[in-house]
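Below is the sequence, then the predicted model.
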Amino acid sequence: MNEQVPRAMAPSREEIRAMPLSSNPKIVAQLLADEQGSALDIGCGDGKFTRLLASRFNSVSGIDVKEKKIAQAREAAKAAGVDVDFRAASGEAIPYPDSSFDVVAFSNSLHHMPHAETALREALRVLKSGGKLYIMEPVPSGNYHDATRLVNDETAVRTEAYQALLGLKEAKPDAEILYRARREFASYDEWKADQIDRDMKRKALFDEREAQVREAFLSNAEREDGKLVFDSVFRVNLLTKA
């Protein structure tokens with residue numbers, strides 16, 4: 001394993017505590033503050049991050065393999081008065097010509113690509129020379145990960161995605177930022193309902209190991225003002241295409 005992987009994928013509790021509290025929008029403002037060209041959001045989901053890009057770029061596109069998500073994204077953009085070119089498409093077969101965009105982004109989506117290396121090559125194909133590749137990924141570490149891994153453990157795919165990123169030869173690393181974000185829940189039941197709403201397949205895992213899942217969630221939580229509080233860890237990588 002590349003020696004950079006443990007630092008970026010498995011920071012200790014002490015290292016996590018030392019990380020700044022931040023958010024994806026704040027990191028975008030820090031790293032892409034002066035961009036005014038075109039941007040593509042790969043794996044855009046319901047378009048929340050795409051709409052953020054639309055506030056900073058003249059021309060923005062978003063793709064996702066799920067037609068339902070693209071429909072939701074279009075409706076949300078319309079309601080917000082934002083002009084975005086949304087298309088149902090795979091990140092491994094991007095429906096745009098070579099060198100189309102100044103910025104290409106994966107926001108919490110690279111590890112969902114069946115073949116991260118292929119998706120990254122496609123991202124670089126549609127990125128202009130000198131363009132920026134922006135990748136935000138959750139890190140499988142910290143007390144929120146420990147609390148929830150029994151129903152949603154993505155350690156393997158997140159690590160594979162990061163290794164694919166490190167293997168890029170056509171792009172120069174500009175920055176790697178790790179930050180933490182606080183997550184709060186009123187109760188175990190609130191979190192459980194949210195998890196099942198995100199993916200109905202998780203209901204079977206709750207049914208199968210309810211006592212273990214509850215124990216893991218509650219034992220890893222911090223208590224603040226009557227709420228169960230956790231640190232989620234994220235990493236942002238910014239690269240420039242040669």
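Thanks, I have it. Everything numeric here is computed off the predicted structure, so don't read it as measured data.

for this protein, what are the low-confidence residue spans?
1-7, 34-35 (pLDDT under 70).

redo that, cut-off 50
1-2 (pLDDT under 50).

Regarding it, what is its longest helix?
helix 202-220 (DSSP state H).

what helices or strands is it leaning on?
In terms of contacts (3 or more Cβ pairs under 8 Å, 6 or more residues apart in numbering; DSSP states H and E), helix 202-220 is packed against helix 143-148, helix 188-198, strand 227-241. The way it works is simple: take the backbone N, C-alpha and C, and place the C-beta from them, glycine included.

Could you export those to a markdown table, including columns for distance to residue 217 and mean neighbour count?
Listed next are the helices and strands packed on helix 202-220 as a markdown table, based on distance: least, Cβ to Cβ, whole Å; neighbours: other Cβ atoms under 10 Å:
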| stretch | distance to residue 217 | mean neighbour count |
| --- | --- | --- |
| helix 143-148 | 5 | 20 |
| helix 188-198 | 5 | 14 |
| strand 227-241 | 8 | 20 |
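
Residue 62: which of these is closest?
Proximity to residue 62 (Cβ to Cβ) singles out strand 227-241 among the helices and strands packed on helix 202-220, at 18.5 Å.

contacts for the longest helix of the chain?
143-144, 146-152, 188, 191-192, 195-196, 228, 230 (Cβ atoms under 8 Å, 6 or more residues apart in numbering).

Over to residue 111. Which of the three states is it?
Recorded secondary structure, residue 111: helix (DSSP: H, G, I helix; E, B strand; the rest coil).

Surely it is in contact with residue 157?
Yes. Taking Cβ atoms under 8 Å as the definition, residue 111 is a contact partner of residue 157 at 4.6 Å.

Compare these two (neighbour count), which wins?
Neighbours were counted for residue 111 and for residue 157 using other Cβ atoms under 10 Å; residue 111 has more, 22 against 16.

nearest spatial neighbour of that one, skipping sequence neighbours?
residue 161 (4.1 Å; Cβ to Cβ, 6 or more residues apart in numbering).

now the residue nearest in space to the middle of the chain: how far from residue 61?
In the chain, the centroid-proximal residue (Cα atoms, centre = their mean) is residue 108; its distance is 1.3 Å. Going from residue 108 to residue 61 by Cβ to Cβ, to the nearest Å gives 18 Å.

got a list of what residue 65 touches?
By Cβ under 8 Å, 6+ apart, the residues touching residue 65 are 43, 88, 89, 90, 91.

All the strands of the protein, residue numbers only.
38-42, 59-64, 85-88, 101-107, 127-138, 171-185, 222-224, 227-241 (DSSP state E).

Could you find the closest non-adjacent residue to residue 191?
Per Cβ to Cβ, 6+ apart, closest to residue 191 is residue 185, 4.5 Å.

From residue 156, how far out is the one you found?
26 Å.

Among the contacts of helix 202-220, which pair sits farthest apart?
Of all pairs drawn from the contacts of helix 202-220, the greatest distance, 21.3 Å, lies between 143 and 196 (Cβ to Cβ).

okay, which residue of the chain is out on the far edge from center?
Going by Cα atoms, centre = their mean, the residue of the chain most distant from its centre is residue 211, 29.4 Å out.
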